[in-house]
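Participant: what follows is a predicted protein model with its sequence.
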Amino acid sequence: MIAVVSPAGTALAGHPARAAADGRPLGQARYYLRHGGHWKADGWTLPPALDIEHTPHDARRPCFGLGRAATVRWIRAFRDEVRRTTGRRPVIYTTTRRWNRCTGGNRAFGATHPLWLADYSDAVRPPAGWSYPTLRQYASHGPLPGDQDRWNGTLAQLTKFADG
């Protein structure tokens, strides 16, 4: 479980689901929703999130062994299943570099999917399609356990976001 802290409060999120090259985005989405992606409209639990970042177990197969077009199709299929099941589009968790490398800088998701950007720099640059990150992971350690994340808005906006 991940706690996202705003200046005035905390919201909870399951760990983002990681894309996989097994060719089964529907199965991955279903597994995620059964084992940690339990979103509910309670004003407290953040929507499901899809993790598009490095492949930690196989550096020779970047982007989960998928090409750019296949990665975009995988994301769409995962998204469609999450939306069909929960009524919510997933948050996309990524870095700008990884998004550009794995999707070719695809802009199609920026207008409809919140961005959870992992960016530890002072000059935040969201991937193409997004003008700002909804959430930002800004450090790997700090005063709270684990990664440090920041909500880009007010507590009222966070509550509305979590509520759906």
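Facilitator: Okay, I see it.
Participant: C-alpha only now, for contacts and for neighbours.
Facilitator: Will do.
Participant: tell me where this protein has helices.
Facilitator: In the chain, the helices defined using DSSP state H lie at 25-34, 68-86, 96-103, 155-163.
Participant: so for residue 44, which of those sits nearest?
Facilitator: helix 155-163 (5.6 Å; Cα to Cα).
Participant: only the buried residues of the closest one, if you could.
Facilitator: Neighbour-count burial for helix 155-163, counted by 16 or more other Cα atoms under 10 Å, picks out 155, 158-159, 161-163.
Participant: can you name the two of these that sit furthest apart?
Facilitator: Greatest spatial distance in these: 155 and 163, 12.1 Å, computed using Cα to Cα.
Participant: tabulate the helices of the chain (a markdown table), appending distance to residue 142 and mean pLDDT.
Facilitator: Shown next, in a markdown table, are the helices of the chain (distance: least, Cα to Cα, whole Å; pLDDT from 0 to 100):
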| stretch | distance to residue 142 | mean pLDDT |
| --- | --- | --- |
| helix 25-34 | 28 | 82 |
| helix 68-86 | 31 | 91 |
| helix 96-103 | 22 | 93 |
| helix 155-163 | 21 | 89 |
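Participant: in JSON lines, list those along with distance to residue 136.
Facilitator: Converted to JSON lines, those look like this (distance: least, Cα to Cα, whole Å):
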{"stretch": "helix 25-34", "distance to residue 136": "22"}
{"stretch": "helix 68-86", "distance to residue 136": "20"}
{"stretch": "helix 96-103", "distance to residue 136": "12"}
{"stretch": "helix 155-163", "distance to residue 136": "13"}
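Participant: for the ones you listed, which one sits closest to residue 134?
Facilitator: Nearest to residue 134 among the helices of the chain is helix 155-163 (9.6 Å), distances taken as Cα to Cα.
Participant: so what secondary structure elements neighbour the closest one?
Facilitator: strand 9-13 (3 or more Cα pairs under 8 Å, 6 or more residues apart in numbering; DSSP states H and E).
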